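J.: Need coordinates for the below:
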Amino acid sequence: QVQLAESGGGLVQAGGSLRLSCAASGRTFGNYAMGWFRQTPGKEREFVAAINRSGGSTTYADSVKGRFTISRDNAKNTVYLYMNSLKAEDTAVYYCAAEWTSTGRYYSRLVDYSYWGQGTQVTVSS
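T.: A predicted model of the protein is given here:
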């Protein structure tokens with residue numbers, strides 16, 4: 001099992017940047033594919049970005065492609081989400097997620113993930 005804790009959220013002006021971090025417990029972080037999702041009140045949680053266990057493959061939602069970057073540091077048991085050129089519509093609670101895998105794939109569906117953090121609020125003022 002793995003426990004996840006997000007940090008780095010906050011209030012930022014449109015056009016600004018933030019870096020979210022997700023720290024994972026356990027000694028087998030490198031065996032987990034990781035993802036970031038976000039949710040606003042009254043809406044379903046949506047996919048943002050995902051990375052495979054080595055960090056060599058990533059994928060992004062169209063809405064954030066070119067602005068957000070996901071990366072991971074397996075030595076620090078941490079996955080990051082670098083968010084640039086933030087827009088008001090990026091305002092949401094951001095969650096990181098983990099799924100154990102023996103393959104080099106990443107996952108972009110909500111149902112693919114077994115472990116979730118508590119979320120961190122990102123608010124972008126326009």
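J.: what bridges to residue 13?
T.: residue 125 (DSSP bridges).
J.: Which residue, other than its chain neighbours, is closest to the spatially most central residue of the chain?
T.: Central residue of the chain (C-alpha atoms, centre = their mean): residue 36, 2.3 Å from the mean position. Of all residues not flanking residue 36 in the chain, residue 48 sits nearest, at 4.3 Å (C-beta to C-beta, 6 or more residues apart in numbering). (C-beta placed from N, C-alpha, C; glycine too.)
J.: neighbours of the one you found, just the number please.
T.: A count of nearby residues for residue 48, using other C-beta atoms under 10 Å, gives 24.
J.: is it true that it touches residue 61?
T.: Yes. With contact defined as C-beta atoms under 8 Å, residue 48 counts as touching residue 61 (5.5 Å).
J.: hang on, the earlier thing: distance of the residue nearest to residue 36 from residue 38?
T.: 5 Å (C-beta to C-beta, to the nearest Å).
J.: who touches both of the two?
T.: Common neighbours of residue 48 and residue 38, using C-beta atoms under 8 Å, 6 or more residues apart in numbering, are residue 94.
J.: ok, back up a step: Three-state assignment for the residue nearest to the centre of the chain, please.
T.: strand (DSSP: H, G, I helix; E, B strand; the rest coil).
J.: contacting residues for it?
T.: With contact set as C-beta under 8 Å, 6+ apart, residue 36 has these partners: 20, 22, 48-50, 70, 79, 81, 94-97.
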